[in-house]
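Asker: Below is the structure, and that's it, no one-letter string:
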């Protein structure tokens, strides 16, 4: 992978994000319940203005109802000697997500009907949930399963699955404009890394960077929600406002490993978010993977649904479903690395900066301007300064008020970040005016 | 050729069409005359509501005049012994189409000036006509010609070429809409198969299928005419109505052999007919041949002429001019087969169904619907049911009222016929509404 | 290079242009001064209606000021024996363009600071100018330079660099329409061939051909100017008129060698000029080189600047900066040849004819016309006449009043010149009407 040195990441942001991921890793999250609240409380310490919200089980949200709340306290399978041979306390993936409570003795045959393992990945505990059908079950490595002997087993799940509430959180960072850039990530996955602690920790880091960004052009709406039902609930409460205000947006998931970069566009494609994502990835990772709407599988399914049509594009590292550790215990914090997170952070940060800086520049003189008398020629002539002058002249030649800066960057084949720098003195000299567009 | 099993053809339609072709084969058709009337009378027995029409010789039709009527009774060349060595009764291609009457003795040299044969296809009788210049002549195999000995020959053509009439026929099948789908084929070719008994017999079968089609959305206009002058006459009498009502149309010719499928688009391309034809052929015969408007040569020359611009596209098997037997006695009912005709029928039937079913679907809920509680998930989960659910979700994701079903089929890469089936329960559940478009 | 025989060049135009170039070659031109005036006076003899204009030094033109006038009388470097070892009279490239006056004794070390040579092209005198910084200097071959011995040298430049005027010239050839086709070339280069005596002499020949062209549809505006500052001055005085009237235009430069053809489109591309240039080059030189706006470097930088946006496209032979002799004494009248100039003339002439003849033809009858009774079928049927009839039918099939003749030529893959010939009898017969468009 050839990555141009466009990063403006502080050197320690990768390590910082990895540290947050380590803190959040042991918490057993699901669609609802104490794990989500603990997670949101942790994020709130890093983003004090975060608003945590709740919605009661049974509340209608478009075509859906908010499910019962799930509280898991303990879960294990013990043998006749009382020895725990599958133990939720060892890894919270061992319990089937949203399992109902059980405490029963079964023989191996019946137990097997409640076990989930992966013969083709014998050392991985799979991640399995049953949100909308009541079941109980355990997940284990196939090696563990093959070691099970005939006999009697006690299966215990100490859980509540009952009316309660579902939590999510929102952070609004006002900007010069009431138009918004929306970031969305999810907090419903138990102990896994790329899918999905990478999304929340990169989103936290982006929020903290945006907090410090001077003269934010756009208002930023940053949401931490459970996947699918969370975005449906959030949309059902905000759809009119969002449709009127969201100009660009990013669904943030699978953004922490080092293998590749990838991109999944919105349903109709060609939104500002899509073009920003594609532009940035072309420059920082020319061999990035392009997916299509038909490959979708995350909250863009809701954000870009017919009639919703928010411009939520998805920049990823290794996409869900496309790497072997996906939805297993092998998707851990060895797969997700400080460098992987920092690369993902950088790609999203660059894409946000493209959105922030995409204006319509217009040169104020007819014909080519005389750069010399304006001090716009570099005083020292080097090969690099020659290329910069050439890029500046190319930029000026498209400053017609009809091409946006991103469109110009695409036409002349330069990263937008470079044009932003070149544009500054041209604006300062009054040679170019910009219209927000 | 990979042909997906999309056919909804009754098993015997191929044999039935081939039977009709056998009945029609011996009739000597031309632009006008008893052969055309006998042919239309035969079709009328199969389609009782067919209206047979006539127009007098000399009638003006746009830039053209209806030619004199040609009646051929007998034609032969006999040697000095009175032996018929070229005999119209053996094959009606032996007489030059529209020959004037003659009864004369000539020597071999003069006879040769009136003979047409193909040195490169020595066993084929060529099909030659002289509609607009008065001539007499005979066509024969080159083998026959080479066997001719010097001597005196009697050339007899017992024909009338005189003011009369020209016939054509029309069948209107009313539908829910006054908008029309037009099918046009021609009845002016003597004893040949692919070009052109395949067109009439496939059109008869389509008409009979359409007669039984419940709730026809469109009105169907089905015309049987002589090529070129027939379509010009038909247009000159109906152009305003046709321009106002014809939404899609198919020129039906060369649709009976088994070698390939091919497509010739309208002049401007991209009509609903064009897109339907291309879509169907992509799925039933991915290696079909694509021709361009510059390859035209049938009645689309009139139907798509400037100012006429009817959406008449052409689905064919082997295109006229592109197979060795074209316009010779070798284009017979061995070349045209029951399977070839059935394949052509199926392609046209599928294309008509695409037109019938092309609506603008719109999902009635925001975000992805919950399929489970609506009974839309298959109860038995198999690999195939998983693919069907995926296709259903892809379809729903484009049901935005802005993409037609055909456009969606193209985007998600599925045959329209499959989406029509998937759409039915979604409509039944009230989850999707359709607008005709 | 495959060049179709589309030329309508009089046989001697290449030699004639080469002769003019030989006459103009010795004159020392620059942005301003007597060399430009002598050159314009010579052109005026060939084009008596040429209007020579002047503008005073210091006059503002958009972002620029007209520079002082430069008059060069003599320039040399002599050794201690008084022998001229670099002599402007031997080649006028020996003096740095716009050098200020000097008469001084220097040693070799100091002299070297004022010398320009090309180590990689040791037998070439480079062409160097210093229009906007006051300097003095000499250009010489690297071989000459290496032969210089330590010692004292007298450097003499007998020149004036002082307020005066800058000249340019304009020729207007009225046409049926007040809409204009603009041709622009430059007269500021000293003794060089492809860049740039080829531009002026080809433009003179085009102007003389246009003078004799009957029924010119467009008004022709032909300007001879110094590069950059000249086009800026010309635009500053005429911009409103030009923007309102110029429908097509050609910047004429580097049009005299035999190596290749090339094309540099306007900034936004797809003007009538661009499409005419591309069409002609595709037919006369299918392997022509396509440059982009990012490769620009001549007066299109001004003509196509934001807000100016004149449709000035550039057809060239070897493009400036892309051939080894560029901007050296090796770019002489051996590189530029009669055949090279004639080819360039032909390409521009064809492109102008495309512009002149680009109309919207519309057939006056519905359906295909009957060509026979109109005498439009060739009486002798040959392979070539068959192709011509086919092309005629293709042309007619697109005469719908919506496609221009150039668009039709592109669709049917024929050179526009051929369609112009085929269209004539169709118009004459009243079968096709044309709308200017």
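Answerer: Arrived safely. This one's a predicted model, so the numbers in the text were calculated from it and none came from an experiment.

Asker: Are we agreed that residue A:407 is in a helix?
Answerer: Yes. Under DSSP: H, G, I helix; E, B strand; the rest coil, residue A:407 falls within a helix.

Asker: Identify the spatial nearest neighbour of it, chain neighbours not counted.
Answerer: residue A:398 (7.9 Å; Cβ to Cβ, 6 or more residues apart in numbering or on different chains). For glycine as for every other residue, the C-beta is placed from the backbone atoms N, C-alpha and C.

Asker: what's the answer for residue A:357, then?
Answerer: Among residues not flanking residue A:357 along the chain, residue A:420 sits closest, at 4.9 Å (Cβ to Cβ, 6+ apart).

Asker: Repeat that for residue A:391.
Answerer: Going by Cβ to Cβ, 6+ apart, residue A:391 has residue A:414 as its nearest residue, at 5.7 Å.

Asker: Those residues of chain A touching chain C, which are they?
Answerer: By Cβ under 8 Å from any Cβ of the partner chain, the residues of chain A that approach chain C are A:362-363, A:365-370, A:372, A:394, A:396-401, A:412-413.

Asker: can you tell me which of these are in helices?
Answerer: Using DSSP state H to define helices, the subset of the residues of chain A next to chain C located there is A:394, A:396, A:397, A:412.

Asker: Of the residues you listed - the most surrounded one?
Answerer: Using other Cβ atoms under 10 Å in any protein chain shown as the neighbour criterion, residue A:396 leads those with 24 neighbours.

Asker: Hmm, residue A:363 and that one touching each other?
Answerer: Yes. Look at residue A:396 against residue A:363 with Cβ atoms under 8 Å: they come within range, at 5.5 Å.

Asker: okay, and the common contacts of the two?
Answerer: A:369, A:431, A:432, C:306 (Cβ atoms under 8 Å, 6 or more residues apart in numbering or on different chains).

Asker: from those residues, which two are the most distant?
Answerer: A:431 and C:306 (11.6 Å; Cβ to Cβ).

Asker: so where's chain A uncertain?
Answerer: A:1-11, A:378-383 (pLDDT under 70).

Asker: Against chain B, how distant is the residue in it that chain C sits nearest to?
Answerer: Minimum separation of chain A from chain C (Cβ to the nearest Cβ) falls at residue A:400, amounting to 3.5 Å. Distance from residue A:400 to chain B, counting by Cβ to the nearest Cβ, to the nearest Å: 31 Å.

Asker: In which helix or strand does the closest residue to that residue other than its chain neighbours reside?
Answerer: Of all residues not flanking residue A:400 in the chain, residue C:306 sits nearest, at 3.5 Å (Cβ to Cβ, 6+ apart). Residue C:306 belongs to no helix or strand when elements are defined using DSSP states H and E.

Asker: Quick check: residue C:306 touching residue A:398?
Answerer: Yes. Under the criterion of Cβ under 8 Å, residue C:306 makes contact with residue A:398 at 7.2 Å.

Asker: which residues are in contact with both of those two?
Answerer: By Cβ under 8 Å, 6+ apart, the residues touching both residue C:306 and residue A:398 are residue C:267.

Asker: How far away from the center of its chain is the lengthiest helix in chain A?
Answerer: Counting residues, the longest helix found in chain A (DSSP H) is helix A:338-357. Taking Cα atoms, centre = their mean, to the nearest Å, the mean C-alpha location of helix A:338-357 is offset from the chain mean by 11 Å.

Asker: same check, this time on stretch A:119-133
Answerer: Distance, centroid of stretch A:119-133 to centroid of chain: 23 Å (Cα atoms, centre = their mean).

Asker: end-to-end on that stretch?
Answerer: For stretch A:119-133, the first-to-last residue distance is 25 Å (Cα to Cα, to the nearest Å).

Asker: Equivalent analysis for stretch A:52-68, please.
Answerer: The first residue of stretch A:52-68 is 19 Å away from its last residue (Cα to Cα).

Asker: residues of that stretch that come out buried?
Answerer: A:53, A:55, A:57, A:61, A:62, A:63, A:64, A:66, A:67, A:68 (16 or more other Cβ atoms under 10 Å in any protein chain shown).

Asker: Taking those, tell me the two that lie furthest apart.
Answerer: The span of these, defined through Cβ to Cβ, is set by A:53 and A:63 at 20.9 Å.

Asker: check contacts around the closest residue to residue A:361 other than its chain neighbours.
Answerer: Closest residue to residue A:361 apart from its sequence neighbours, by Cβ to Cβ, 6+ apart: residue A:399 at 4.3 Å. Shown in contact with residue A:399 (Cβ under 8 Å, 6+ apart): A:361, A:362, A:363, A:408, A:426, A:432, C:306.
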